[in-house]
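*Asks:* Task: produce atomic coordinates for the following.
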Amino acid sequence: MSTQQRVARVAEQMRAELAELIRNMKDPRVGFVSVVQVQVSNDLRHAKVYVSVLGDDQAKKETMKALQGATGHLRSELAHLIRLRYVPELHFVLDESIEHGSRVAQLLAEVQREEARRKAEQQQQVGNEQEGQGE
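*Replies:* As a prediction, this is how the structure comes out:
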């Protein structure tokens with residue numbers, strides 16, 4: 001098995017296990033968190049954990065602070081769940097791509113509604129002009 005395949009497999013397993021561990025955390029500062037992606041270095045010593053947090057900026061800051069504080073606990077739990085000689089050091093990164101995608105979808109929906117409204121106005125205007133000519 002190539003190194004890249006192993007790294008990808010370890011990253012996916014870590015993503016699944018971390019998602020479950022974070023979901024079961026008792027810390028009240030941790031709100032609704034989704035583990036979006038885990039990137040593991042080729043030597044399996046470091047892992048960037050990309051998380052998406054639902055809430056306002058204050059909730060995101062508190063959640064990130066709580067996750068950084070729980071890094072040691074999460075690593076020790078991962079050691080029990082994943083059979084590796086060395087559990088990677090965890091680095092949490094706030095991923096706002098889901099929020100950005102949601103905003104883009106909202107803007108597209110607004111554009112579609114505006115286009116439909118303009119089209120309806122144009123059709124109504126054409127209908128009114130035809131009525132005026134028919135008399």
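*Asks:* Pull stretch 4-13 out as CSV, backbone CA atoms only.
*Replies:* Provided in CSV are the C-alpha atoms of stretch 4-13 (Å, rounded to 0.1, in the frame of the first residue of the first chain):
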residue,chain,number,x,y,z
GLN,A,4,-0.6,8.4,0.2
GLN,A,5,-3.3,5.7,0.4
ARG,A,6,-2.4,5.0,4.0
VAL,A,7,-2.4,8.7,4.9
ALA,A,8,-5.8,9.1,3.2
ARG,A,9,-7.2,6.1,5.1
VAL,A,10,-5.9,7.3,8.4
ALA,A,11,-7.3,10.8,7.8
GLU,A,12,-10.7,9.4,7.0
GLN,A,13,-10.7,7.2,10.1
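*Asks:* who's in contact with it?
*Replies:* Contacts to stretch 4-13, defined as Cβ atoms under 8 Å, 6 or more residues apart in numbering, come from residues 37-42, 44, 47, 82, 84. C-beta: built from backbone N, CA, C; applies to glycine.
*Asks:* Grab the nearest non-local neighbour of Thr71.
*Replies:* Leu90 (5.0 Å; Cβ to Cβ, 6 or more residues apart in numbering).
*Asks:* In ChimeraX, select just the buried ones from the contacts of stretch 4-13.
*Replies:* Here is the ChimeraX command that picks out the buried ones among the contacts of stretch 4-13, judged by 16 or more other Cβ atoms under 10 Å:
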select :38,39,40,44,47
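*Asks:* what number of residues lie near the residue nearest to Thr71?
*Replies:* Around Leu90 there are 20 other residues, counting by other Cβ atoms under 10 Å.
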